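Undergrad: Provide a 3D model corresponding to the input given below.
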Amino acid sequence: MRRGLWYSLALCLLILLIGGVGFWLLEPGIETLHDGLWLAFTTAATVGYGDVVPETTLGRAFAVLVVLLGLAVLSLVTASLAALFVERDVEAEERQIEHALMREIRALRQQVDALQRRLDDPHQPPQDPKQRQERSTG
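TA: Residues are numbered from 1 along each chain as shown. All right, here's what the predicted structure looks like:
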């Protein structure tokens, strides 16, 4: 699960880097890579402060692509983080369910054993499972 988070973060950084370089190359108003990266971040995060905006048709089309990729990847990062927080609780619940199922299986086995003994010797009175355990361990 943690590996997925690191992959998602790496993909997010890659998209932001590609977006920043893309805006820097496509938009005449973006003079520095720094401004391109800022525009890529605000576009991918759909914040849109308005301090730097794409002005050309090609830049706006590229912004749509950055928004779509940014939303997808940022959603993956958020989901990976949420999964880390939930993972421990789910594992604890699974262990509790497993223990309850094992207790139920043991009880069913005891009932099957008692029924088998009654079938083998129909004249024998039914035994309490605790007495049977004492006899088998004693």
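
Undergrad: Distance of whatever residue is furthest in space from the centre of the chain relative to Arg117?
TA: Farthest-out residue of the chain from its mean C-alpha position, per C-alpha atoms, centre = their mean: His123, at 58.1 Å. Distance, His123 to Arg117, by C-beta to C-beta, to the nearest Å: 11 Å. No exception for glycine: its C-beta is placed from N, CA and C like everyone else's.

Undergrad: Same check on Ala63?
TA: 77 Å.

Undergrad: Same drill for the two, tell me which one is more crowded.
TA: Neighbour count, other C-beta atoms under 10 Å: between Ala63 and Arg117, Ala63 has more, with 24 against 14.

Undergrad: Run through who's touching stretch 15-23.
TA: 30, 33, 35-41, 43-44, 54, 59, 62-63, 66, 69-70, 73 (C-beta atoms under 8 Å, 6 or more residues apart in numbering).

Undergrad: now stretch 34-49
TA: 12, 15-25, 27, 30, 52-54, 63, 66-67, 69-71, 73-74.
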